[in-house]
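Enquirer: just a sequence and a predicted model for now, questions to come.
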Amino acid sequence: MSALFGGTFARGGAAAAVSDAAWFRALLGVEAALARAAAGLGLVPATAAATVAAVCADPARLDLATVVAKAADAGNPVPPLVRALQDAVGPDAARAVHVGATSQDVLDTALMLLARDAIAAVDADLAAAAGAAAGLAAEHRDDVVMGRTLMQQALPTTFGLKAAGWFVGLDGARLRLAEAVASLPVQYGGAAGTLAASSGSGLALRTALATELGLADTAVPWHTVRLPIADLAGALGATAGVLATVAVDVVLMAQTEVAEVSEGGEARGGSSAMPHKRNPVAAISARACARRAPGLVATLLMAMEQEHERAAGAWHSEWPTLTDLLTTVGSAAAWLAESLSGLRPDAARMAATVAAARDPELAAGLADALTPAVGRGAAHDAAAEAVREAARGGRSLREVIRARGDVDVDALLAAVPDTGEAAAQVDAALADHRRLIEGTP
């Protein structure tokens, strides 16, 4: 990631969790775990495995610059990394390096470890964003705000219900990511998936490796059946969609003409040309980061079609793509947490908008008033025609309804905005949220 744009697109803990240093830690972590697992089965001496693990724990002892330089020629970084590790541990311990494995085993397993660590960082920011939204929902449970459908004024709702929708979506994204992480599998099959180089102990070694790393075991390798990658892509893509939806709500509500919310951070959001502006930068940045996710998800899904026992190119395309996807979704989550934690709703402004826009309520009230006499369908049509008549004649809807003479328009105007069961839904959502963060069913 360019340093110029890294502040926006590599924000939060996920970016660090997929850095080059993190990649090396994951790759070396797999090699160390493989050595320990092999020693536990008696395939290599325990002293040799201990030497390998000690060197893997101290990357400074390895010539990683050469690994980077030779990775492209090898087609992936594992062959030069294995050679560097063998050179570092010496000839006696070298037998405990890369026992029975192929490059894809190490890379795929490292990618699972990397994804697990990155998603832990994403989850922390999602939890912070959801917590901030839950606080907003509780504080503004009954504050009316104009509901908008298809970008047009609809009927009044509450800001509490809107914020509840935000944190329910964020909580749902967290659960989906947790499900994907819980099923992340080890990869171990050897050169062509037969475990032929594992001295008849391949199945046991795969199980032991999975245990060492806290990953799920598998019955066969998934070298070209890329469901684990697809599951991660789907969960991360869905998370990005939730983040983008909340962010765009904030952006729209912060428009000057709407001004129903504003972000904190007095020094942020200025314009190079217009000194009066205060843009909702955190929400805008969250949306920008989330917007990058669908293309990355598509690349990972397209890479699922892989030939025979190892793909030529499709597998390789996954490494930077999933790395970027974890980074951009993590950045979106970090930005949204910042946006919502400092968000300042203007309850008076929201109420004023509802009060000034009575036509939606009047139309609904007219339909309700006519329903007992003519039925719901005809009442709906009559209310819609009244709205059209007002527009054609340049008159207010209240004038048109008053001219009908069969409905008390003053009674309709005096009615308190009806927000239905919004409050009860907010309370139910908050109860579910509390159970989630407390870990209770």
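Expert: Thanks, I have the structure now. Residues are numbered from 1 along each chain as shown.

Enquirer: which parts of the worst-scoring helix or strand of the chain on mean pLDDT are buried?
Expert: In the chain, no helix or strand scores lower on mean pLDDT, DSSP states H and E than helix 409-414, which sits at a mean of 78. If you call a residue buried by 16 or more other Cβ atoms under 10 Å, then helix 409-414 has these buried ones: Val409, Leu412. (Glycine included, C-beta is placed from N, CA and C.)

Enquirer: what does it contact?
Expert: Contacts of helix 409-414 with the rest of the structure, by Cβ atoms under 8 Å, 6 or more residues apart in numbering, involve Arg358, Glu361, Leu362, Gly365, Leu366, Ala369, Arg398, Ile401, Arg402.

Enquirer: can you select the buried ones from the residues you listed in PyMOL?
Expert: Buried subset of these, written as a PyMOL selection, criterion 16+ other Cβ under 10 Å:
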select buried, resi 358+361+362+365+366+369+398+401
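
Enquirer: go through the contacts of helix 409-414 and say which is closest to Thr194.
Expert: Nearest to Thr194 out of those is Glu361 (Cβ to Cβ; 70.9 Å).

Enquirer: that closest one contacts Ala415, correct?
Expert: Yes: judged on Cβ atoms under 8 Å, Glu361 makes contact with Ala415 at a distance of 7.3 Å.

Enquirer: I'd like to know how far Ser317 sits from His433.
Expert: Going from Ser317 to His433 by Cβ to Cβ, to the nearest Å gives 38 Å.

Enquirer: what's the answer for Ala53, then?
Expert: Counting by Cβ to Cβ, the gap from Ala53 to His433 is 42 Å.

Enquirer: what do you get for Val186?
Expert: Using Cβ to Cβ, Val186 is found at 34 Å from His433.

Enquirer: just to revisit the earlier point, who's more crowded, Ser317 and His433?
Expert: Set Ser317 next to His433 and count neighbours by other Cβ atoms under 10 Å: His433 wins out with 21 against 14.

Enquirer: contacts only, for the residue nearest to the more buried one when sequence neighbours are not counted.
Expert: Nearest non-adjacent residue to His433, counting by Cβ to Cβ, 6 or more residues apart in numbering: Ala134, 5.1 Å away. Ala134 sits next to Ala163, Ala164, Phe167, Leu430, His433 when contact means Cβ under 8 Å, 6+ apart.

Enquirer: quick revisit: helices and strands around the helix or strand immediately after the least confident helix or strand of the chain in the chain, which ones?
Expert: Where DSSP states H and E defines the elements, the next helix or strand beyond helix 409-414 is helix 422-438. Applying 3 or more Cβ pairs under 8 Å, 6 or more residues apart in numbering; DSSP states H and E, we find helix 422-438 packed against helix 103-139, strand 152-158, helix 159-182.

Enquirer: save the ones you listed as CSV, and put in mean pLDDT and distance to Ala259 too.
Expert: Output for those, formatted as CSV (pLDDT from 0 to 100; distance: least, Cβ to Cβ, whole Å):
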stretch, mean pLDDT, distance to Ala259
helix 103-139, 98, 17
strand 152-158, 92, 15
helix 159-182, 98, 14
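
Enquirer: closest to Ala382 out of those?
Expert: With Cβ to Cβ, the closest approach to Ala382 among the helices and strands packed on helix 422-438 belongs to strand 152-158: 17.9 Å.

Enquirer: strands of the chain, start to end?
Expert: According to DSSP state E, the chain carries its strands in the segments 144-149, 152-158, 261-262, 344-345.

Enquirer: what angle do helix 103-139 and the second one make with each other?
Expert: By that I understand strand 152-158. For strand 152-158 against helix 103-139, the angle by axes from the mean of the first three to the mean of the last three Cα atoms, to 10 degrees is 70 degrees.

Enquirer: can you tell me the strand partners of strand 152-158 and which way each runs?
Expert: Sheet pairing of strand 152-158 (DSSP bridges) gives strand 144-149 (antiparallel).

Enquirer: same check on the third one?
Expert: Note on strand 261-262: by DSSP bridges, its sheet partners are strand 344-345 (antiparallel).
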